[in-house]
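>>> Structure for this input, please:
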Amino acid sequence: MVSYILRRILVSILILIAASFIMYVLAANSGDPLMDLRASNAPNAEQLIAARVAALDLDVPPPLRWFLWLSGAAGCLVPFADMCNLGLTISNAQVTTILPTAMWSTVQLVSVSLVLAIILGVIVGIVTALRQYSGFDVSMTFVSFFLYSLPSFLVAVLLKEFIAIGFNNFLQVDPTLSALAVIGIGVIVGLIWQVLIGGNFRRRLVVFGVSGASTAALLAFLSATGWFLQPSLGPIGLLILILALAVGTVAILSGLSHRRSLIVAGINAAIAYVCYFALQGLFDISSLGTILILGLVAVAVGVGIGYIFGGNDRAQTMKVGGIVAFGSAALVLIDRFMQSWHTYISLPRIANRPIATVGSSTPGFNNDFWVTSIDSFTHLLLPTVSLLLISFAGYTRYARAGLLEVMNLDYIRTARAKGLPERTVIVRHAFRNMLIPIATLVAVDVGALLGGAVITEYVFAIPGMGQLFNASLQRVDLNPIMGYFLVIAILAIAFNFIADLAYAVLDPRVRVRA
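Got it, this is the predicted structure:
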């Protein structure tokens, strides 16, 4: 195993070196980095040209200049040595100075959209596979292929027009829903739920009526109480959601007949609900570090409770405890963010138009952790959704096809013949092997998402790596282009390597031999 890893690292370095040479030569010959100065009427244009040539070594042929760049880039591999040198931009700024800022904006955007695309895509793919050829399956197939066919720039423009501008106008003009809107949304939600639940006509009709009426009543209540301006889950809403999370987690992972899982989930739900009241004072003075520590403590407590009360099935109860604890903590945090929503939209610079269409944050914005986080959320919401919709279709299709293939294998038929419940057959036997093609897709999708981020960042004017690459390419600014390439190439190679190792974890039949 160790020799395999070392070989893969060596091969990856050789591929990275060869690819960087090709990229450098192609980018260097794509245009003239002195074009702006040659067209300038400034009296010192010649001196400026000479200074740029000297600073960027433009008098050296590109193949030889690549060796100079490579010698500086190699210093980035030595940790804590402060030897990393990726050169200067045309504006005489260090690439190592501007690259981390751009990387942080892109990482926020891509990581959230990737995680959400995987979770939602896999869940929807599993449901469509279990409901093969049903109305829900046909509907999600149509939606998936429709989203997959849309270009990223069109998705971004549509989101800006119909989500950002529409929602901002709604909050600014009259944040209440008309009776027609309440009834219309209730009908749509009812139709979605009856397709999702399925069954005979009577069952569909009952599901449609109950879900539609409940949704309409809830929307009417929220509209009448001004919830859209001052949102909050509140003690009652939070209690309902935490209990639903606990019961749903146990039902999916263990089954409601598993008493120990129910006890573990109930204890974690009770602890989270008590912490909701006990930690409000601490939340007021919290920072990102405090939230991360509290999150780790919550998961550790959940897993620990699962271990203590697990008996002979500790692995199962520890999973239940960890998921319930993490999900409940997330709900408590969501409620705390919602409490700061009214403060945020009431600020003069926001003026009840919170959903931003440009940038990754409000310039010069300063406030506490909660309000600042909301500002980042409102700026990154639409770009994240744009990338999410593009990736969602692929994960849905792969998850559906993978589960359908696995469900027809011999070991699944054997598990059913032994009398195991269908939930156990799917969750414990089929789900793990279904994830093998998903692992490959994740490795490929990282590069695709970063490529899509170039267009998305341009549309939303986000100062990330995509915008840095696009601006540098137009100016033939070689060093930032290579900095972008270096990050993308390392991420692509790393995720492909992780995918190979994940095969051995997901499938015991796969073994890595030296």
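
>>> Can you tell me the element the nearest residue to G321 once chain neighbours are set aside falls in?
Once flanking residues are discounted, G321 sits nearest to G306: 3.1 Å by C-beta to C-beta, 6 or more residues apart in numbering. In short, each C-beta sits where N, CA and C put it, glycine included. Element membership for G306 (DSSP states H and E) is helix 288-308.

>>> re earlier: can I assume the residue nearest to G321 is in contact with D313?
No: at 9.7 Å, G306 does not count as touching D313 under the criterion of C-beta atoms under 8 Å.

>>> Neighbour count for these two, which is higher?
The neighbour count for G306 versus D313, taken as other C-beta atoms under 10 Å, is higher for G306 (29 against 14).

>>> check contacts around that one.
V264, R314, T317, M318, K319, V320, G321, G322 (C-beta atoms under 8 Å, 6 or more residues apart in numbering).

>>> Tell me which of those residues has the lowest pLDDT.
Least confident by pLDDT among those: that is R314, with 86.

>>> residues in contact with it?
Per C-beta under 8 Å, 6+ apart, neighbours of R314: G306, Y307.

>>> how about low-confidence regions in the protein?
For the chain, residues meeting the criterion pLDDT under 70 lie at 1, 79-81, 451-452, 507-514.

>>> Can you pull up the most central residue in it?
Most central in the chain under C-alpha atoms, centre = their mean is V112, positioned 2.0 Å from the mean C-alpha point.

>>> Looking only at the helix or strand hosting T396, what residues are buried by neighbour count?
T396 is part of helix 369-406, with elements assigned from DSSP H and E. Buried residues in helix 369-406, counted by 16 or more other C-beta atoms under 10 Å: 369-400, 402-404, 406.

>>> next structured bit after that helix?
Next element after helix 369-406 (DSSP H and E): helix 410-417.

>>> What is the distance between stretch 466-476 and the centre of its chain?
25 Å (C-alpha atoms, centre = their mean, to the nearest Å).

>>> same thing with stretch 446-464?
For stretch 446-464, the separation from the chain centroid amounts to 13 Å (computed by C-alpha atoms, centre = their mean).

>>> List the buried residues in it.
Residues of stretch 446-464 classed as buried: 446-447, 449-450, 452-460, 462-464 (neighbour count, 16+ other C-beta under 10 Å).

>>> so what's the nearest residue to L34 once chain neighbours are set aside up against?
Among residues not flanking L34 along the chain, I49 sits closest, at 5.7 Å (C-beta to C-beta, 6+ apart). The contact partners of I49, by C-beta under 8 Å, 6+ apart, come to L34, L37, R38.

>>> my read is V110 is in a helix, agree?
Yes: counting by DSSP: H, G, I helix; E, B strand; the rest coil, V110 is located in a helix.

>>> which one is it nearest to, not counting chain neighbours?
Excluding the flanking residues, the one nearest V110 by C-beta to C-beta, 6+ apart is L449, at 5.0 Å.

>>> helix or strand for that neighbour, which one?
With secondary structure defined by DSSP H and E, L449 is part of helix 431-460.

>>> Remind me what that helix packs against, helices and strands.
helix 95-130, helix 152-159, helix 369-406, helix 465-475, helix 478-506 (3 or more C-beta pairs under 8 Å, 6 or more residues apart in numbering; DSSP states H and E).

>>> Which elements pack onto the helix holding T396?
Judged by 3+ C-beta pairs under 8 Å, 6+ apart, the packing partners of helix 369-406 are helix 95-130, helix 135-149, helix 152-159, helix 314-339, helix 341-345, helix 431-460.

>>> Indicate which one of those helices is closest to T176.
Shortest distance between T176 and the helices and strands packed on helix 369-406, using C-beta to C-beta, is found for helix 341-345: 15.5 Å.

>>> Next up, the contacts around G209.
G209 neighbours (C-beta under 8 Å, 6+ apart): G190.

>>> For F221, see how far away it is.
Between G209 and F221 the computed distance is 18 Å (C-beta to C-beta, to the nearest Å).

>>> cool, and A102?
Distance, A102 to F221, by C-beta to C-beta: 44 Å.

>>> The two: who's more crowded?
More crowded of A102 and F221, by other C-beta under 10 Å: A102, with 23 against 11.

>>> Can you get me a residue count around the nearest residue to M338 once chain neighbours are set aside?
Spatial nearest neighbour of M338, chain neighbours left out: P231 (4.5 Å); criterion: C-beta to C-beta, 6+ apart. Per other C-beta under 10 Å, the neighbour tally for P231 reads 16.

>>> Make sure P231 is actually in contact with W341.
Yes: using C-beta under 8 Å, P231 is in contact with W341, at 5.4 Å.

>>> Touching stretch 175-192 from outside, list them.
Against stretch 175-192 from outside (C-beta under 8 Å, 6+ apart): 207-209, 211-213, 215-216, 219-220, 222-224, 226, 228-229.

>>> Could I get the CA-only coordinates of it as CSV?
C-alpha atoms of stretch 175-192 as CSV (Å, rounded to 0.1, in the frame of the first residue of the first chain):
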residue,chain,number,x,y,z
PRO,A,175,-43.6,41.2,2.2
THR,A,176,-46.9,39.4,2.4
LEU,A,177,-48.5,36.7,0.2
SER,A,178,-51.8,37.2,-1.5
ALA,A,179,-54.5,34.6,-1.1
LEU,A,180,-54.0,33.5,-4.7
ALA,A,181,-50.3,33.0,-4.1
VAL,A,182,-50.9,31.0,-1.0
ILE,A,183,-53.5,28.7,-2.8
GLY,A,184,-51.2,28.3,-5.8
ILE,A,185,-48.2,27.3,-3.8
GLY,A,186,-50.3,24.9,-1.7
VAL,A,187,-51.6,23.3,-4.9
ILE,A,188,-48.0,22.9,-6.3
VAL,A,189,-46.7,21.5,-3.1
GLY,A,190,-49.6,19.1,-2.9
LEU,A,191,-49.0,17.9,-6.4
ILE,A,192,-45.3,17.3,-5.6
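
>>> Would you mark the buried spots in it?
P175, T176, L177, V182, I183, I185, G186, V189, G190, L191, I192.

>>> and that stretch, how far from the chain's centre?
With C-alpha atoms, centre = their mean, you get 29 Å for stretch 175-192.

>>> what do you get for stretch 186-193?
Here stretch 186-193 is found 27 Å from its chain centre; the criterion is C-alpha atoms, centre = their mean.

>>> for stretch 73-88, same thing?
On C-alpha atoms, centre = their mean, the centre of stretch 73-88 falls 30 Å from that of its chain.

>>> start to end distance for that stretch?
End-to-end distance for stretch 73-88, by C-alpha to C-alpha, to the nearest Å: 12 Å.

>>> now swap in stretch 414-434 and tell me
17 Å.

>>> Contacts for that stretch, please.
Contact with stretch 414-434 is made by 126, 130, 251-253, 255, 399, 402-403, 406-407, 409, 411-412, 506-507, as judged by C-beta under 8 Å, 6+ apart.
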